[in-house]
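[1] with the input below, show me the fold.
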Amino acid sequence: MSLIATHYLLLKHMHVALAALSVSLFVARVLGVLGGARWPHRPVLRVASVAIDTLLVAAGGTLWWWLALDPQRDRWLLIKLLLVVAYIGVGSVAMKRARTRAGRAAAFGAALLLVGGVVALALTRDAGVLVRWSG
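    Coordinates of the predicted model:
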């Protein structure tokens, strides 16, 4: 049995766990920011967030390589990657860039919708799922 076949499920589960941890930390921190707390900006949490996200991207990239996925052929992957980039930008607005609490809350809601889209694409591997989901 190849190394890939032996470790695929372990890496996939690690990727899913890291994604859940990343989103959970984001949600907790944004809720703290919306509540006016200072703890969400502590250096240890920022470093933890970056470390988790780095491992998440590394696991995702490894799965991408192992499965020989091609964003041009596998449109769901291209859309998923674009949604992840949008989530990062909108999440930044929710955490610190929006000037008002209402702006942060709106960005937080948008970020959660983007996460939902990423999860839907990851589970179905179907680029049309977002069209059916939204309509």
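[2] from the contact counts, what lies against the worst-scoring helix or strand of the chain on mean pLDDT?
    Counting by mean pLDDT, DSSP states H and E, the chain has its least confident helix or strand at helix 129-134, which shows a mean of 81. The contact analysis (3 or more CB pairs under 8 Å, 6 or more residues apart in numbering; DSSP states H and E) places helix 129-134 against helix 101-124. Just so you know, the C-beta spots here come from the backbone N, C-alpha and C atoms, and that holds for glycine as well.
[3] thinking again about what came up before, list the contacts of the least confident helix or strand of the chain.
    Trp76, Ile79, Gly116, Gly117, Ala120, Leu121 (CB atoms under 8 Å, 6 or more residues apart in numbering).
[4] switch the cut-off to 6 Å
    Residues from elsewhere that reach helix 129-134 (CB atoms under 6 Å, 6 or more residues apart in numbering): Gly117, Ala120.
[5] and Pro71, what element?
    Counting by DSSP states H and E, no helix or strand carries Pro71.
[6] do the same with the one 5 residues further on
    In this structure, Trp76 is located in helix 75-92 according to DSSP H and E.
[7] chain center to that helix, what's the gap?
    8 Å (CA atoms, centre = their mean, to the nearest Å).
[8] CA atoms only for it, dumped as CSV, please.
    Output in CSV follows, covering the C-alpha atoms of helix 75-92 (Å, rounded to 0.1, in the frame of the first residue of the first chain):
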residue,chain,number,x,y,z
ARG,A,75,-14.3,23.8,-10.7
TRP,A,76,-15.6,23.2,-7.2
LEU,A,77,-12.0,23.5,-6.0
LEU,A,78,-11.4,26.8,-7.8
ILE,A,79,-14.6,28.2,-6.3
LYS,A,80,-13.6,26.9,-2.8
LEU,A,81,-10.2,28.6,-3.0
LEU,A,82,-11.8,31.9,-4.1
LEU,A,83,-14.3,31.6,-1.2
VAL,A,84,-11.4,31.0,1.2
VAL,A,85,-9.6,34.1,0.0
ALA,A,86,-12.9,36.1,0.4
TYR,A,87,-13.4,34.7,3.9
ILE,A,88,-9.9,35.8,4.9
GLY,A,89,-10.6,39.4,3.7
VAL,A,90,-14.1,39.6,5.1
GLY,A,91,-12.8,38.0,8.4
SER,A,92,-10.2,40.7,8.6
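[9] great, nothing more from me.
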